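Asker: Sharing a model prediction with you, sequence too.
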Amino acid sequence: MEKRKRSVSLSFVLLRFACIMLGLMLFCALLWLAIMQLLQTTGFIYHGSLPNRQAEAMLLDHPETFTTPGEDFLSDYALFAADGSLLETNTDSKEAGRLSVFLTKDSDDPHIIRYIYADQSTILIHWVYQRDFTDPQLRKYLPPFEVLWWLTLFLAFIFVLLLSVLLLRRSLTSKLKLFHDISNKITSQELDFAIFPAGIREFDDALAAMDEMRRALYDSLTEQWRTQQQRESEISALAHDLKTPLTLIGGNAELLLCENLPENQNHMLHTILENTTRAHRYLSGLLDASTGNKEPKIPFDLSALLPDLVRSMEPFAGMKHISLHMDNHLTGFYPLQKDHFSRALSNIVQNALEHTPPGKQVSLSGRTSDTGWELLICDEGMGFSPAALRHATERLWRDDPARQADGHNGIGLWFAAEVIRSHGGTLTLENRPQGGVVKILLHKSF
């Protein structure tokens, strides 16, 4: 892991987020007050105490008679005669009825003003400390200004809260993305990379643990790769060393067969030649497996894959009196090690032919989908045994009674599976009522 920079705890990050959010809310409140003061200064709204001042000014000189106030009088009032009947009001009957209660008793509410004129008529004024629009039309058609104003402050607080949460989410997501990227790289075994600290103590501790895991896995896979390379080199060298003496043994056996020898000696020579040929096939498979990585991958037209395969396997199928059926719907290009991939497919088809009775059929089909390509090689033999379905793609595995045959050395399907896997695909074995099926999937994302 790269040198750790100064980090802070997650609780400090959350506290800092809370302080920033509260600071933004305080700023909104101060801005809200400043704008309200500006609207009040410019006369767009009146001060909340204006209704009280109007009521006090109306009764300042202790008038003896009632004078109807103008339309700009902001408080509710009701004028009652001495007998309690309603003479005049600027509010609805319900509010006037509520005010009539205070004709005969004093009110503890400071917002209720009662005054008795010389003619014994009584006026009751109900004022409210509330800012409102100075324009009567706005007061008529819009809710009270203070209701709208508190609503704007509430919406501003909600906006600040959402903005702060989104900023915190963005900050933490960028940190958590480190874990996602590292996990993907480790999963794909891309281990030669540096892990940078996230700047949050709890995250950095987890990243440090992942870095230890990455280094341990990198060392393990490196050692495993070296061991495998050494083993493959030894196998390749051994196979090369054995090919020459085997060639000499086979050649001498063929020469001796041309001589006029007794029948029992000819039989032994045939046995020598047959086993020499089998050993040659085994060594060829080992050499192919050890040299496959050297062949470059070149984009290949998949529509030609099955026709080329059928053309190369027809002579062998003809010798076995087995027909090859092709259903080719492969399209597009795919990066292949052409010779290596063709050898893998030939091994599969040859295996199918070896276990299909004469007069039967081996089918080769291919189709293209949105996610990749699928190849099916189906025979009409006995099918795979349960053990073969699990182990037939393992190196040197031969304990399958249903697939036992002379010359079967246990590397054909293993070699094919390894080649398919090196091309980003998968090889699976299945059974159907007519026989065995080998399914190959190549993925477009490779």
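Answerer: Done, it's in.
Asker: Which strand residues bridge the closest residue in space to Asn90 that isn't next to it in sequence?
Answerer: Spatially, and ignoring its direct neighbours in sequence, Asn90 is nearest to Tyr77 (5.9 Å; C-beta to C-beta, 6 or more residues apart in numbering). Glycine gets a C-beta too; all of them are placed from N, C-alpha and C. Bridge pairing for Tyr77 (DSSP bridges) gives the partners Ile125.
Asker: Now for Tyr77, how many residues are close by?
Answerer: 24 (other C-beta atoms under 10 Å).
Asker: show me what contacts it?
Answerer: By C-beta atoms under 8 Å, 6 or more residues apart in numbering, the residues touching Tyr77 are 55, 69, 89-91, 123-126.
Asker: and which of those residues is nearest Thr368?
Answerer: The closest of those to Thr368 turns out to be Thr91 (C-beta to C-beta; 81.7 Å).
Asker: now the closest one, what's its secondary structure?
Answerer: Under DSSP: H, G, I helix; E, B strand; the rest coil, the three-state class of Thr91 is coil.
Asker: Quick check, it in contact with Asp76.
Answerer: Yes. Thr91 is in contact with Asp76 according to C-beta atoms under 8 Å; the separation is 4.1 Å.
Asker: Identify the contacts common to the two.
Answerer: By C-beta under 8 Å, 6+ apart, the residues touching both Thr91 and Asp76 are His126.
Asker: any idea how far the residue lying closest to Glu88 once chain neighbours are set aside is from Ile20?
Answerer: Once flanking residues are discounted, Glu88 sits nearest to Leu79: 4.4 Å by C-beta to C-beta, 6+ apart. To Ile20, Leu79 is 56 Å away according to C-beta to C-beta, to the nearest Å.
Asker: Looking at those two, which one has more neighbours?
Answerer: More crowded of Leu79 and Ile20, by other C-beta under 10 Å: Leu79, with 21 against 15.
Asker: In contact with the more buried one: list those residues for me.
Answerer: 66, 86-89, 121-123.
Asker: Make sure it is indeed in a strand.
Answerer: Yes. Under three-state DSSP, Leu79 falls within a strand.
Asker: So for Thr91 and Asp76, which sits in the more crowded spot?
Answerer: More crowded of Thr91 and Asp76, by other C-beta under 10 Å: Asp76, with 19 against 14.
Asker: what's that one in contact with, if anything?
Answerer: Counted by C-beta under 8 Å, 6+ apart, Asp76 has contacts 89-91, 95, 99, 125-127.
Asker: Look up how far Gln54 lies from it.
Answerer: Distance from Asp76 to Gln54, by C-beta to C-beta: 12 Å.
Asker: what do the two both touch?
Answerer: Trp127.
Asker: pLDDT of whichever strand or helix holds Leu148, averaged?
Answerer: Assigned by DSSP states H and E, Leu148 belongs to helix 145-187. Mean pLDDT, taken over the full extent of helix 145-187, equals 88.
Asker: Also stretch 81-99?
Answerer: Mean predicted confidence for stretch 81-99 is 86.
Asker: How far away from the center of its chain is it?
Answerer: The chain centre lies 71 Å from the centre of stretch 81-99; the measure is C-alpha atoms, centre = their mean, to the nearest Å.
Asker: Please work out which residues outside it touch it.
Answerer: With C-beta under 8 Å, 6+ apart, stretch 81-99 has contacts from 66, 68-69, 73, 76-80, 100, 103, 112, 119-122, 124, 126.
Asker: gap between the two ends of that stretch?
Answerer: Separation of the first and last residues of stretch 81-99 by C-alpha to C-alpha, to the nearest Å is 13 Å.
Asker: Which positions within that stretch qualify as buried?
Answerer: Buried residues in stretch 81-99, counted by 16 or more other C-beta atoms under 10 Å: 89-90, 96, 99.
Asker: Which two among those residues are spaced furthest apart?
Answerer: Asn90 and Leu99 (11.4 Å).
Asker: what about Asn266, neighbour count?
Answerer: Using other C-beta under 10 Å, Asn266 has 14 other residues around it.
Asker: Can we start the residue count at 53 from this point?
Answerer: Understood, numbering begins at 53; the last thing we discussed is Asn318.
Asker: show me the contacts for it.
Answerer: Leu309.
Asker: In the protein, where is pLDDT below threshold?
Answerer: Residue ranges of the chain with pLDDT under 70: 53-57, 284, 286-293, 295, 330, 333-347, 448, 450-462, 497-498.
Asker: Break down it into its helices, ranges please.
Answerer: 62-93, 102-110, 145-152, 188-193, 197-239, 253-309, 315-343, 357-371, 390-406, 438-443, 464-474 (DSSP state H).
Asker: how far away is Pro314 from Met320?
Answerer: Relative to Met320, Pro314 is positioned 10 Å away (C-beta to C-beta).
Asker: what about the two, which has more around it?
Answerer: Per other C-beta under 10 Å, whichever of Pro314 and Met320 has more neighbours is Met320, with 14 against 8.
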